[in-house]
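Novice: Output the structure for:
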Amino acid sequence: MTAPDDFRQHVELLIEYLVVERGLADNTIEAYQRDLEQYADYLRGRGYESFAEAQRSDVQDYLQRLRRQRGWSRTTLARKLASLRQMHRFLIREQLADTDPTANIKAPQPAERLPEVLSIKQCQALLDAPDQSTPAGLRDAAMLGLMYATGLRVTELVGLRIHDINFEEGILRAQGKGGKQRLVPVAPQVLQLIQDYLTTARQGFVQDESEDALFLSRRGRPMSRTRFWQILKQYVREAGVPPDTSPHTLRHSFATHLLSGGADLRAIQEMLGHASLSTTEVYTHLSPEGLRETYDQTHPRA
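Specialist: Now for the predicted structure:
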């Protein structure tokens, strides 16, 4: 028969392991401890004296009760299951239990959040915000225009080199996740904007002639992600678009506007550099106006 304080001892052993061996942050440790103490109370209520006595049906019932009685979100429930799983795997590792009742229990999937997008009018207001009569304004207009015209990630944008732009073909070469390269078409208007920046503004930022980064800071260094964020926030305020607009918002807007205009989903996948089509499918949400237009154009009784 296990001792009545096995729950407490096992939590203490696991916490010590997570602190010493895994080096987890304090707030993570506190979350584990709260979750496991709550789980222990539930098991005590069922007459158990140790985590090792729990069965798969106990774990399932516990999660259902949390969902029903507490109204926890899917994200919170998934975290709580992770805490339980951590405990049961630890007990097996320490030879304090033979089975893991959390095995093959799927975590609740977080509710899918659709990406925030700007309207075409809002995008235009943002792109028009920089003062193109100044070198910095022309550079900023080229960066914003290129991001919206190609759907580049901010890391890909600031990582561009001059030779990555092929003006004759109207395409750029982007260095994506995992070092994967892809070719993305660029609108002629944006290509002209980049050409204007290269011929009239970029040289004013150059301090090292060997530097081939496309977009430079005032110090002549390659544009950083942080600095681009700051620049974007400035124009977001000036353009009066939603204050939470981010570089990813422009990427999402690029994809959504393409799809609304009739672009093929697989073509959008290629341009975004998504490894899986399922990732791109999040953009298949359309505005009511877009749905209405699609219906009118395609349904035989419309």
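
Novice: which residues of the stretch 201-302 of the chain fall in helices?
Specialist: With helices called from DSSP state H, counting those that start in this stretch, the stretch 201-302 of the chain shows them at 225-239, 247-260, 265-272, 277-280, 288-298.

Novice: which one of those helices lies closest to Leu14?
Specialist: Nearest of these to Leu14, taken as Cβ to Cβ: helix 277-280 at 35.1 Å. The way it works is simple: take the backbone N, C-alpha and C, and place the C-beta from them, glycine included.

Novice: Phi first, then psi, for Leu183.
Specialist: phi -100, psi 130 (degrees, to the nearest 10).

Novice: would you list every one of the strands in this structure?
Specialist: 165-166, 171-175, 181-185 (DSSP state E).

Novice: Any chance of CSV for those strands, columns mean neighbour count and distance to Ala267?
Specialist: Formatted as CSV, the strands of the chain follow (neighbours: other Cβ atoms under 10 Å; distance: least, Cβ to Cβ, whole Å):
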stretch, mean neighbour count, distance to Ala267
strand 165-166, 16, 19
strand 171-175, 20, 14
strand 181-185, 14, 10
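
Novice: so which of the ones you listed gets nearest Arg34?
Specialist: Closest approach to Arg34 among the strands of the chain (Cβ to Cβ): strand 171-175, 42.6 Å.

Novice: quick one: contacts of that closest one?
Specialist: The contact list for strand 171-175 (Cβ atoms under 8 Å, 6 or more residues apart in numbering) reads 146, 150, 152, 156, 159-160, 164-166, 181-186, 273.

Novice: try 7 Å
Specialist: Residues from elsewhere that reach strand 171-175 (Cβ atoms under 7 Å, 6 or more residues apart in numbering): 150, 152, 156, 159-160, 164-165, 181-186, 273.

Novice: where does the stretch 151-300 of the chain have low pLDDT?
Specialist: Low-confidence segments of the stretch 151-300 of the chain (pLDDT under 70): 278-300.

Novice: Now do Leu272 against Val184, distance only.
Specialist: According to Cβ to Cβ, to the nearest Å, Leu272 stands 9 Å off from Val184.

Novice: Which segments of this structure make up each domain?
Specialist: 6-93, 121-298 (automatic domain parsing).

Novice: how about the ones you listed in CSV, adding distance to Lys106?
Specialist: Shown next, in CSV, are these (distance: least, Cβ to Cβ, whole Å):
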stretch, distance to Lys106
domain 6-93, 9
domain 121-298, 17
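
Novice: Just give the closest residue to Arg46, not the sequence neighbours.
Specialist: Distances taken as Cβ to Cβ, 6 or more residues apart in numbering put Asp58 closest to Arg46, at 6.6 Å, once the chain neighbours are dropped.

Novice: Roughly how far does the one you found sit from Pro222?
Specialist: Relative to Pro222, Asp58 is positioned 56 Å away (Cβ to Cβ).

Novice: One more: Thr75?
Specialist: 36 Å.

Novice: Settle it for me: which of these two has more neighbours?
Specialist: Neighbours per residue (other Cβ atoms under 10 Å) separate Thr75 from Pro222, with Pro222 holding more: 16 against 13.

Novice: so the more buried one sits right up against Leu214, yeah?
Specialist: No - Pro222 lies out of contact with Leu214 (Cβ atoms under 7 Å); the separation is 8.4 Å.

Novice: Quickly note the distance from the residue most central in space within the chain to Leu272.
Specialist: Centroid check for the chain by Cα atoms, centre = their mean gives His248 as the closest residue, at 8.3 Å. For His248, the distance to Leu272 (Cβ to Cβ) stands at 11 Å.
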